[in-house]
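S.K.: When you get a sec, could you give me coordinates for this:
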Amino acid sequence: MIFSKAAGLNDSVFGKSQEPIKMMLTDQKEAFESESVIDKIFCMDETGNFAEKYTYETSLGDFEAVGEQGAYPESSFQEGFSAIVEPDEWKLQFSVTQTMIEDAKMGKVKQKAYGFMKSYHRGREKFGLGILNNGTSSSMLFGNNNKQFDIRGADGLALFNTAHPSKTGGYGTQSNYISNPFSYDALCLAEEAMQYIRNDDGEIMDISPDTIIIPSKARIKKLVFDAIGAEEGSPNTANNSFNFQYGRWNVIMTPYLNNTAGITAGTDTWYLADSKWMEMYEGLIFLDRIPLNVRSYVDEKTDANIIKGRARWVAKPNRWNGILKADPGLSGTLLT
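M.R.: Below you'll find the model as predicted:
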């Protein structure tokens, strides 16, 4: 965050309030960042350009046995699917009245400052996780003005789809969208399915999911930690053999993830991801162009101190391969 105040503000009644306001904004920024999960799901990137293009190259063929002094076989690659990510502009402001400062109502100022920063970081969190919530669609509406954002991946399809194509035509369509409710067996099946995801030429991509992402709901928390939290499966049940899922998973829980409308207990939406693959190959992009700039000035009509914030950023899917969504009861692939 970059904080600046207008020339001459030090000489006004608001001058001595600027540093405390800046500290309040900074404290709330750090508090929200410590609870954020988007940097654990998205590849956080920065740019100095109006937009960035994210792409990859298809794989080369395998080494071949050629015999003594055999010629080197040639193999080529081509550009894979690409995504253009263009940061949007985000703004908000709040005011501090002269009366508040004259009467030393710093508690009210603190509330306004905290609310301002919470709005900024909550918006980023809701936008990023909104991509997961709406990831079976090609677009999502966001904000009070219902602005429409394109959230298709680089292959031109929704992030979660049952028919992701091959760029080279070297392999058939693939799915990262299933309809299994969470269970120990569903986790095993989803992990296996992700490990056999193939690249454009049909080669196994060596994806190793390590992260479970769930809504912050008690019923699915219990299912998840029952499945992965005991070394010997479920105690006092017939399913008490060695649990090979024990200790292998990072679990991300957030209240900003939605559930399918009308669901019943045990059928919450959940996700599986390979966090290392998503970071290395830029699976989901969160792109910052201009960090939050906060400036302060006095309104001549009201004598209030106006504090404005402006930033440029956006989030968008790029590659689907490293993340899978389970939406029980909907049209995803049923793993058996």
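
S.K.: Which stretches in the stretch 151-300 of the chain count as helices?
M.R.: 184-195, 218-228, 275-280 (DSSP state H, counting those that start in this stretch).

S.K.: helices or strands up against the second one?
M.R.: It refers to helix 218-228. Packing contacts for helix 218-228, counted by 3 or more C-beta pairs under 8 Å, 6 or more residues apart in numbering; DSSP states H and E, involve helix 184-195, strand 211-215, strand 250-254. All C-beta spots, glycine's among them, are computed from the backbone N, C-alpha and C.

S.K.: quick one, that helix and strand 250-254 angle?
M.R.: Orientation note: helix 218-228 sits at an angle of 180 degrees relative to strand 250-254 (axes from the mean of the first three to the mean of the last three C-alpha atoms, to 10 degrees).

S.K.: For the strand ranked longest in the chain, the averaged confidence score.
M.R.: Secondary structure assigned by DSSP state E gives strand 284-298 as the longest strand of the chain. Averaged across strand 284-298, the pLDDT comes to 92.

S.K.: Grab the CA positions of it and hand them over as PDB.
M.R.: Output in PDB follows, covering the C-alpha atoms of strand 284-298 (Å, rounded to 0.1, in the frame of the first residue of the first chain):
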ATOM      1  CA  LEU A 284      -4.700 -19.700 -11.800                       C
ATOM      2  CA  ILE A 285      -3.400 -16.200 -12.200                       C
ATOM      3  CA  PHE A 286      -3.800 -13.300  -9.700                       C
ATOM      4  CA  LEU A 287      -2.200 -10.300 -11.500                       C
ATOM      5  CA  ASP A 288      -1.400  -7.000  -9.800                       C
ATOM      6  CA  ARG A 289      -0.700  -4.000 -12.100                       C
ATOM      7  CA  ILE A 290      -0.900  -1.100  -9.600                       C
ATOM      8  CA  PRO A 291      -0.800  -1.700  -5.800                       C
ATOM      9  CA  LEU A 292      -3.300   0.000  -3.600                       C
ATOM     10  CA  ASN A 293      -2.600   3.700  -3.700                       C
ATOM     11  CA  VAL A 294      -4.300   5.700  -0.900                       C
ATOM     12  CA  ARG A 295      -4.300   9.500  -1.100                       C
ATOM     13  CA  SER A 296      -5.800  12.100   1.200                       C
ATOM     14  CA  TYR A 297      -7.100  15.700   0.600                       C
ATOM     15  CA  VAL A 298      -9.600  18.200   2.100                       C
END
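
S.K.: buried set for that strand?
M.R.: Residues of strand 284-298 classed as buried by neighbour count (16 or more other C-beta atoms under 10 Å): 284-290, 292, 294, 296-298.

S.K.: do stretch 210-225 as well
M.R.: For stretch 210-225, the neighbour count (16+ other C-beta under 10 Å) marks 211-215, 217, 219-220, 223-224 as buried.

S.K.: How far off centre is that stretch?
M.R.: 17 Å (C-alpha atoms, centre = their mean, to the nearest Å).

S.K.: Name the residues that touch it?
M.R.: Residues outside stretch 210-225 that contact it (C-beta atoms under 8 Å, 6 or more residues apart in numbering) are 40-41, 132, 182-183, 187, 228, 248-255, 257-259, 265-266, 268-276.
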